[in-house]
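Visitor: sequence? don't have it. structure:
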């Protein structure tokens, strides 16, 4: 089986685009708001103190990048993290930033 590291550019470029999108604090807050449960635009906007039009704009970008997915239920559209990879990655990164910072010391010192 071929190694996936170092990954080729056809995998690195889309990954960099994903991180660029998630690098915007507003978009990241929107994704986190719907990481574990389906949420409507209005509910996301209200919980974050943003306008529904701004949330909708960001959700369009996030959907195009396959970070979130939309599910229609009647007249309402609900948004959720696209899959367990997205929600898992965010949970791991939140755990990482919550860890106390320690000094890095290479094994040979």
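Guide: Yep, it's here. In this text, all values refer to a predicted model and were calculated from it rather than measured experimentally.
Visitor: going forward, measure contacts and count neighbours with C-alpha atoms only.
Guide: OK.
Visitor: ok, now which ones touch residue 28?
Guide: With contact taken as CA atoms under 8 Å, 6 or more residues apart in numbering, residue 28 is in contact with 21, 22.
Visitor: now do the helix or strand it falls within: distance to the chain's middle.
Guide: For residue 28, the element it lies in under DSSP states H and E is helix 25-33. Relative to its chain's centre, helix 25-33 lies at 7 Å (CA atoms, centre = their mean, to the nearest Å).
Visitor: after it comes which helix or strand?
Guide: With DSSP H and E, the next secondary element past helix 25-33 is strand 39-40.
Visitor: list the contacts of stretch 43-52.
Guide: Contacts of stretch 43-52 (CA under 8 Å, 6+ apart): 29, 30, 33, 34, 41, 42, 55.
Visitor: for the chain, what are the low-confidence residue spans?
Guide: Residue ranges of the chain with pLDDT under 70: 1-3, 106-109.
Visitor: perfect, I'm done here.
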